[in-house]
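> got a sequence here, can you build the structure:
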Amino acid sequence: MPHAIPHLPTLFVPHGAPTFALRPGAAGAALQRIAAALPRPRAVLVASPHWDTDAPTVGLAARPETLHDFRGFPRELYAIRYPATGCREAGHEALAALRAAGFAAAADAGRGLDHGAWVPLRLMYPDADVPVVPLSIQPGAGPRHHLAVGRALAALRAKGFLIVASGNLTHNLRDYQLAAGGAGVPGYVRAFPEWLWQRLEAGDEAALLDYRRRAPAAERAHPSDEHLLPLFLALGAAGEGARPERFHAGVDDYVIAMDAFVFHPSEELQA
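The predicted model follows:
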């Protein structure tokens, strides 16, 4: 009898600053541990805030290029390559799932992996031996849209997909300049992620979707919210009744909250 494909969880992982690739620290070790603990996926579907489009778009490149979509960082960063393969079959399954849910989803045959995708995946799967399918976000569409995108993709978990949403729980680069100049870590960098975690634990979807009005210092934590939107995608893709687990909490570079979550689907909990 063939083995049943496990219902994989979904992940929200930090990608930090590009230098996270050089100094992974405790957050990098947490990503390594979670990948080692999970069943081996058929493919990783990775959503990054550094690929934004008007409609959900799936990358279909056979060998997605490593994109160095940043400037002014150490030279050794630009020498890094993450030689993952793509998977057209998996990409077309993701497209079909999105279109079946009513999204005007598109495909991009040449899209590579930006640092929001390859930095965490290089830590999780350093041998680049799991196929990777990139997925865009829509910054103007808000949390509810990304929750719905995630829900449209939820059935892929039963087909061996690991859905990885990459971002950061706080992302204010102007505050980085102040903190690095001696102002220290702003209080919201810990208060805002803690509020999010409490609402996730409570299953308070309404508060999460309305976080910009309800969470402490939300607009300072995210002057624009593209780095938080993938969290809603991961939450939606885990399905109804999923249980959140925070497997890392911490701060890098003064102002970047590096919290990481796994969302255990209800099928897994009932197994």
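> okay, residue 184: pLDDT?
With respect to pLDDT, residue 184 has a value of 78.
> separation between it and residue 196?
22 Å (CB to CB, to the nearest Å). To be clear about C-beta, it is placed using only N, CA and C from the backbone, and glycine gets the same treatment.
> out of the two, which sits in the busier spot?
residue 196 (25 against 11; other CB atoms under 10 Å).
> ok, that one - contacts?
169, 208, 211, 215, 231, 259 (CB atoms under 8 Å, 6 or more residues apart in numbering).
> ok, and the closest non-adjacent residue to the third one?
Using CB to CB, 6 or more residues apart in numbering and skipping the chain neighbours, the partner closest in space to residue 211 is residue 218 (5.5 Å).
> distance of that neighbour from residue 240?
26 Å.
> same question for residue 134.
Counting by CB to CB, the gap from residue 134 to residue 240 is 26 Å.
> which one's more surrounded, those two?
Neighbours were counted for residue 134 and for residue 240 using other CB under 10 Å; residue 134 has more, 29 against 9.
> ok, then the element right after the one helix or strand the more buried one maps to?
Using DSSP states H and E, residue 134 maps to strand 132-137. Later in the chain than strand 132-137, the nearest helix or strand by DSSP H and E is helix 142-153.
> thinking again about what came up before, dump the contacts of residue 196 to a markdown table, plus distance to residue 176, neighbour count and secondary structure.
Formatted as a markdown table, the contacts of residue 196 follow (distance: CB to CB, whole Å; neighbours: other CB atoms under 10 Å; DSSP: H, G, I helix; E, B strand; the rest coil):
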| residue | distance to residue 176 | neighbour count | secondary structure |
| --- | --- | --- | --- |
| 169 | 15 | 26 | coil |
| 208 | 25 | 21 | helix |
| 211 | 21 | 21 | helix |
| 215 | 20 | 22 | coil |
| 231 | 21 | 28 | helix |
| 259 | 17 | 23 | coil |
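> redo the residues you listed as CSV? Include pLDDT.
Listed next are the contacts of residue 196 as CSV, based on pLDDT from 0 to 100:
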residue, pLDDT
169, 98
208, 98
211, 98
215, 98
231, 98
259, 98
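> residue 159: which of those residues is nearest?
residue 231 (22.8 Å; CB to CB).
> please identify the helix or strand for the spatially closest residue to the closest one that is not a sequence neighbour.
Leaving aside its sequence neighbours, residue 231 sits nearest to residue 12 (CB to CB, 6+ apart; 4.9 Å). Taking DSSP H and E as the criterion, residue 12 maps to strand 10-14.
> and residue 263, helix, strand or coil?
At residue 263 the chain is in strand, as set by DSSP: H, G, I helix; E, B strand; the rest coil.
> right, and it touches residue 243 too?
Yes: assessed by CB atoms under 8 Å, residue 263 is found in contact with residue 243 at 7.2 Å.
> neighbour count winner among the two?
Counted by other CB under 10 Å, residue 263 and residue 243 do not tie: residue 263 has more neighbours, with 24 against 16.
> can you give me the helices in the chain?
Taking DSSP state H, the helices of the chain run over residues 25-37, 75-78, 88-100, 115-124, 142-153, 173-178, 188-202, 205-209, 211-214, 218-221, 229-237, 266-270.
> now the fourth one against helix 229-237, angle please.
Here helix 115-124 runs at an angle of 60 degrees relative to helix 229-237 (axes from the mean of the first three to the mean of the last three CA atoms, to 10 degrees).
> relative to strand 132-137, how tilted is helix 115-124?
Using the same axes, to 10 degrees: helix 115-124 against strand 132-137 is 140 degrees.
> can you list the neighbours in contact with helix 115-124?
13-16, 18, 20-21, 24, 28, 31-32, 34-35, 44, 46, 48-51, 66-70, 80, 82, 84, 113, 128, 132, 134, 164, 166-167.
> understood, closing this out.
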